[in-house]
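Student: this is a predicted model, with the sequence first.
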Amino acid sequence: MMHNKSKAIQDLYPDELAHCYGCGKNNLDGYQLKTYLVGDETIAHFLPDEKFTALPGSVYGGLVASLLDCHGTGSAAAFVCVQENINLNEVETIPVRCVTASLKVDFKAPTPMGVELKLRGKLQSIEGRKIWVDMTLSADDTICATGEILAIKIKD
Ligand SMILES: CCCCC/C=C\C/C=C\C/C=C\C/C=C\CCCC(=O)SCCNC(=O)CCNC(=O)[C@H](O)C(C)(C)COP(=O)(O)OP(=O)(O)OC[C@H]1O[C@@H](n2cnc3c(N)ncnc32)[C@H](O)[C@@H]1OP(=O)(O)O
């Protein structure tokens, strides 16, 4: 049985759209967040550097928001592909482009520094070009933030 060797969604963005500070594979100074479709949800991991400190020991909320932003758009693109029966393991580049129209973040607990953060995304709904994704960002077993994104599929 072969294991799933799927690529990250962001690694399927074409080179000319891979400069995003949060998730572009071609932005060497950026976070290069990688979102994976696993079953019916999306997963990403990120270990913040100390420079992203808010109060000593805790992560700056703006970073938390930007991780949710990029995980959200990547997830939205992946969920559109699932709906359109596009198999992400069989494409060189992802044929769907989504940008953030709205992002809501609820900070539930301080996000600790020095712990690999886990982001999860679940499809809430798709209505035409509008895709809503619910997300959590956790450290160990604590949900530190939840997010809801409205991503819009860009017209061709
Ligand atoms: C930043 C670049 C923007 C342009 C990019 C172009 C191409 C790139 C394509 C793909 C990107 C590839 C890789 C992704 C890499 C990084 C992603 C990182 C994530 C981000 O960091 S990305 C930056 C922050 N992001 C923006 O910089 C967006 C600025 N914005 C716009 O570019 C437009 O605003 C847009 C495209 C969002 C919509 O424009 P539009 O003309 O295509 O569509 P329209 O306005 O008709 O909206 C359609 C339906 O969404 C509803 N709707 C719209 N906005 C809403 C809101 N805020 N709340 C509630 N509903 C809303 C309407 O009410 C309507 O609903 P209904 O159909 O029911 O009437």
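Tutor: Perfect, thanks for sending it.

Student: can you give me the helices for the chain?
Tutor: Assigned helices in the chain, in chain order: 61-83 (criterion: DSSP state H).

Student: the ligand contacts on that one?
Tutor: 13, 17, 20, 22-23, 69-70, 73, 97, 99-102, 128-130, 150, 152, 154-155 (Cβ under 6 Å from any ligand atom). Where C-beta positions appear, they are placed from N, C-alpha and C, glycine not excepted.

Student: how many residues are close by I131?
Tutor: By other Cβ atoms under 10 Å, the residues close to I131 number 27.

Student: which non-adjacent residue is nearest it?
Tutor: A76 (4.0 Å; Cβ to Cβ, 6 or more residues apart in numbering).

Student: list the contacts for that neighbour?
Tutor: Going by Cβ atoms under 8 Å, 6 or more residues apart in numbering, A76 touches C98, I131, V133, I149, A151, K153.

Student: ok, the second one touching K122?
Tutor: No - shown here, I131 and K122 do not form a contact pair, counting by Cβ atoms under 8 Å, at 11.8 Å.

Student: quick check: the residue nearest to the spatial centre of the chain vs E92, distance?
Tutor: For the chain, the residue nearest the mean C-alpha position is H71 (0.9 Å; Cα atoms, centre = their mean). Taking Cβ to Cβ, to the nearest Å as the measure, H71 falls 22 Å from E92.

Student: and if you look at Y60?
Tutor: 36 Å.
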